[in-house]
Structures are given as structure tokens and as C-alpha cells.
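Q: just coords:
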């Protein structure tokens, strides 16, 4: 039986030879930087930001466990190991061109794709990156469904999903993209008041902002319930956005994703509390061969990979 990749397709020969963590776009970035000698030149060729290119080079070096460039003030110079990979990278480039020949161009892809995801990932991660996606795929219409409690891929409520709960059944294809880190956060004024009361070492008298009954199954809600030990929370809500606003208002401590809380200028009260969640890309298996579904799936995989440190916290 042939071994399948994460989207249910047989591994090609060149995929089998690549290390874990390898992404084709990283190889294309490697070639562009090698040819131009600078990130700015490569960025102009690929129409990408310099920070994105730098992350891709670092990711490729980590995957290969090799230094590919010497960073100098004048630009990027290939190391001996990097120069030795140019021919192989160009062979991959040629294979990619041959693979895509005769296939519809990205600009010709069209249709509607329904994506289910958490509201915080939609608003803070996906939406800011959508203009770049639409620039490549103007014919695709993305429909975001953030009320994921009612979304079921098996009923075809959505074509694919970016979620933190691993599906246990159904005809779906699963791929883990990364992790979402959580911590306890509060406003500067709440933290100052907390420290003045000498309460920094425990949570016995802290006010907590948490989820309502309909979200009581969430790991964050269960963690807060264990800490409260029967005490009433200061506030319960049904969305991450309202918890974030409540914490900023100084109503108490909330268990929030690191990237949302830090970008809202909240202060971390406890960082590693054991409720980090995996981020899964889930696709209906019979849709994995759809070009427009794959376009959205690849966009999401690259988006999570390029924001891995931010999401981990």
C-alpha cells in the first residue's frame, strides 16, 4: 500500500526525500535570495514582505539543520552548504513548474469555499491576511463561519475547518498545523491592585472572567472552574472578544490566547498553565482534490506556519 501524505495523496519521490518541516515556498525563497543576494531583491521578485522571507529562510535552515547563508551588512552570501543545495533546489523548481503545467492558473480558480474557525483566529489571524489571498485567487469567495459550536463537517456545514479540537470520527482529512498558547491576563490597573493586596502568589481572592454554561466543556472554562473551587466568577461571556474587553476594563483575570492578550497590552499573570491547544486543519476527504479547497488549505497552512511564534506566545 502506498504511503499517503496529509491530504490523502501518494507521496511523490521528491517529497519522500525532503526533511520533516520542509515547505516548497521556502525552497523558492531560498533560490530567490541566493540569486539576488539580498532580501529586498528577493522580496520584489516574490512580492512578499522581508520579514516573511526571513522567516522562511530560518524555517528551511531549521528543517535541513544547515546554515544556508552568511548574513552580512551588504546582503546574504551562500555558505558552502547552501551553495551545494542550489542544483537540487533548481531541480525542485523545475519539477514544480512541470507539475503545474496544464493546470488552471490560480487567477482562473473560482467558486465559494466555506471555512469554519474560531472567531479569534478569524478576526486576528485570517482576515488581515485575506487581501494577499484574494490578490492570488480573485475568483474564490471565502465564507467564514465562526459559530463553530453548530458547525459539523460531516453534515457539510463547511468545506474545511481550522479548529482546536481534534475530530474523532467522520470522513475527514486531518493535519496539525501548530499550537495556540494560553495564559492568565489582566489589565495593568488590576495587576497593580492585586500586588498591593499581596495576592500575587495565589488566586484565592482573584476575580475571574470566564465562559458561560454553553462553553463549559472548553479547557479554559474547566481550568477556571477548578481554580474557583465553587466561588462565583466576576463575569461569564460567550465570546473571546468580550472576555478580552472585560479584562481590559479591569474586571478581573481572563484565560486568553497569548497573542490576543499581549497585542491588547494586557499583563501576563501566569504564562504556562497547561491549557495550550493544537491547531488542526480539517478537510472533508472527498474535497481534498478540489483546486479551490487546496488553495485555501495551503493559504491557512502557510499562515499558521509564518505566525507560529506569535501563536505559541
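A: Received the coordinates, thanks. Keep in mind it's a predicted model, so treat the numbers as computed, not measured.
Q: quick check: mean pLDDT across whichever helix or strand residue 131 is part of?
A: Taking DSSP states H and E as the criterion, the element that holds residue 131 is helix 127-136. Regarding helix 127-136, the rounded mean pLDDT is 92.
Q: so what secondary structure elements neighbour whatever helix or strand comes next after it?
A: Using DSSP H and E, the helix or strand that follows helix 127-136 in sequence is strand 140-145. Strand 140-145 sits against strand 111-117, helix 127-136, helix 291-306, with contacts defined as 3 or more C-beta pairs under 8 Å, 6 or more residues apart in numbering; DSSP states H and E. Backbone N, C-alpha and C define where each C-beta goes, glycine included.
Q: Dump the ones you listed to a markdown table, plus mean neighbour count and distance to residue 271.
A: Below are the helices and strands packed on strand 140-145 laid out as a markdown table (neighbours: other C-beta atoms under 10 Å; distance: least, C-beta to C-beta, whole Å):
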| stretch | mean neighbour count | distance to residue 271 |
| --- | --- | --- |
| strand 111-117 | 19 | 25 |
| helix 127-136 | 13 | 25 |
| helix 291-306 | 20 | 21 |
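Q: between those, which gets nearest to residue 96?
A: Smallest distance to residue 96 across the helices and strands packed on strand 140-145 (C-beta to C-beta): 13.0 Å, for helix 291-306.
Q: now the closest one and helix 127-136, what's the angle there?
A: Using axes from the mean of the first three to the mean of the last three C-alpha atoms, to 10 degrees, the inter-axis angle of helix 291-306 relative to helix 127-136 is 140 degrees.
Q: what distance separates the helix holding residue 131 from the centre of its chain?
A: From the chain centre to the centre of helix 127-136 is a distance of 15 Å (C-alpha atoms, centre = their mean, to the nearest Å).
Q: what do you get for stretch 126-145?
A: That offset, for stretch 126-145, works out to 15 Å (C-alpha atoms, centre = their mean).
Q: can you list the residues that contact it?
A: 106-117, 122, 151, 157-158, 162, 292, 295-296, 299-300, 303 (C-beta atoms under 8 Å, 6 or more residues apart in numbering).
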